[in-house]
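**Student:** Pasted the sequence and its predicted model underneath.
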Amino acid sequence: MRIGWKQTYETGISKIDEQHRRLFDMVNELLDQKTRSYNERQIFSLLNGLVKYAEEHFATEEKYLSYFKYPKFEEHTRQHLAFLQEITKFAQKLEDHQANVFPQMLEFLKRWYFTHIGESDRLYVEYFVKHKLIHPAQELL
């Protein structure tokens with residue numbers, strides 16, 4: 001089952017919103033593999049692409065958080081690090097051919113993106129707007 005982008009996930013920062021949409025597309029590409037025969041090489045290729053793009057996105061997001069001195073910066077960056085560590089563990093389990101790892105990883109990805117983008121990222125957007133640091137549609141960095 002594919003995940004859909006909702007307007008409520010938008011931050012109002014076009015660069016971050018574009019990256020979030022691309023991350024959703026990448027998760028959907030992995031979800032599509034579940035309905036096909038598991039092509040291990042394709043899964044690893046998609047997963048590696050997702051990790052690299054997530055790292056790029058996290059760097060962009062953290063640049064904004066640092067620039068605006070977001071008070072929960074450390075907590076937010078720990079969430080990013082935890083995501084990358086968890087995905088690395090799933091990749092290792094996939095490589096070791098552990099049973100049921102791929103569906104577990106997909107559930108983790110869906111849950112993480114919904115809670116991180118839908119909740120954690122909303123907090124920094126609210127902070128930026130509340131403190132008039134950025135208008136939701138403004139692009140600064």
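**Tutor:** Right, received. Where do you want to start?

**Student:** which residues sit against stretch 116-130?
**Tutor:** 6, 8-9, 11-13, 16, 20, 61, 64-65, 68, 70-72, 76, 79, 83, 133-136 (C-beta atoms under 8 Å, 6 or more residues apart in numbering). From N, CA and C alone the C-beta is placed, and that goes for glycine too.

**Student:** Quick check: buried residues in that stretch?
**Tutor:** If you call a residue buried by 16 or more other C-beta atoms under 10 Å, then stretch 116-130 has these buried ones: 116-117, 121, 124-125, 127-128.

**Student:** Determine which residue lies closest to the centroid of this protein.
**Tutor:** Centroid-nearest residue in the chain: Tyr113, 5.2 Å away (criterion: C-alpha atoms, centre = their mean).

**Student:** so where does the residue nearest to it when sequence neighbours are not counted fall, helix or strand?
**Tutor:** Nearest-residue entry for Tyr113: Val27, 6.2 Å, with adjacent residues in sequence omitted and distances by C-beta to C-beta, 6 or more residues apart in numbering. Assigned by DSSP states H and E, Val27 belongs to helix 14-35.
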